[in-house]
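Novice: sequence and predicted structure, then a few things I'm wondering about:
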Amino acid sequence: MRMEQASGFFWGAYDTSDNLQGFICGTLTTSEVLTDESMSEHEPKGKTLCIHSVVVDAALRRKGMAAWMLQCYLQKVGQGESAPTKVLLICKENLVGLYETAGFKNLGRSSVVHGQDPWNDMGLSFRVV
């Protein structure tokens, strides 16, 4: 669904043999906050980008690939008049540092619940509207 409805926010990283090494996907929402509901559909007129996944091939993890992908992705989606004004995501505690390095701010514990461990809300503003 995300690739089909929000293809502009689905970005893949490939090696020189055209093998997928990682991807980032997101959807837009008109909501100002990240909730289960705001992440459940793509609202093309939304100005808040919810990142759902940052995935890196297991062999390439902890080598800077995720940080590089985030940098490229944020540059790509942050351009143009129709660019989102902010980006939100949730992450586990062990990934807060990765997202802070990419410019996100830790907004505290998320109200979103999936599994046993708590999630953190992370946010990044592109520009003031």
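Specialist: Done, it's in. From a predicted model like this one, the values you see are computed outputs, not experimental measurements.
Novice: strands of the protein, residue ranges please.
Specialist: Taking DSSP state E as the test, the strands found in the chain are 10-14, 20-29, 48-56, 86-91, 105-109, 120-125.
Novice: which one of these is the most hemmed in?
Specialist: strand 86-91 (a mean of 22; mean count of other C-beta atoms under 10 Å). (Glycine included, C-beta is placed from N, CA and C.)
Novice: name the helices or strands packed onto it?
Specialist: strand 48-56, helix 96-101, strand 120-125 (3 or more C-beta pairs under 8 Å, 6 or more residues apart in numbering; DSSP states H and E).
Novice: can I get those in CSV with distance to Met1 and mean pLDDT?
Specialist: CSV is the format used below for the helices and strands packed on strand 86-91 (distance: least, C-beta to C-beta, whole Å; pLDDT from 0 to 100):
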stretch, distance to Met1, mean pLDDT
strand 48-56, 11, 95
helix 96-101, 24, 95
strand 120-125, 23, 95
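Novice: how about TSV for those, with distance to Trp68 added?
Specialist: Shown next, in TSV, are the helices and strands packed on strand 86-91 (distance: least, C-beta to C-beta, whole Å):
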stretch	distance to Trp68
strand 48-56	10
helix 96-101	11
strand 120-125	16
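Novice: quick one: which of these is nearest Ser38?
Specialist: Checking the helices and strands packed on strand 86-91 against Ser38 by C-beta to C-beta gives strand 48-56 as the closest, at 6.2 Å.
Novice: which strands or helices does the closest one pack on?
Specialist: Checking 3+ C-beta pairs under 8 Å, 6+ apart, strand 48-56 ends up next to strand 20-29, helix 65-77, strand 86-91.
Novice: mind listing what the residue nearest to Leu89 when sequence neighbours are not counted touches?
Specialist: Spatial nearest neighbour of Leu89, chain neighbours left out: Ile51 (4.0 Å); criterion: C-beta to C-beta, 6 or more residues apart in numbering. Residues in contact with Ile51 (C-beta atoms under 8 Å, 6 or more residues apart in numbering) are Ile24, Cys25, Gly26, Val87, Leu88, Leu89.
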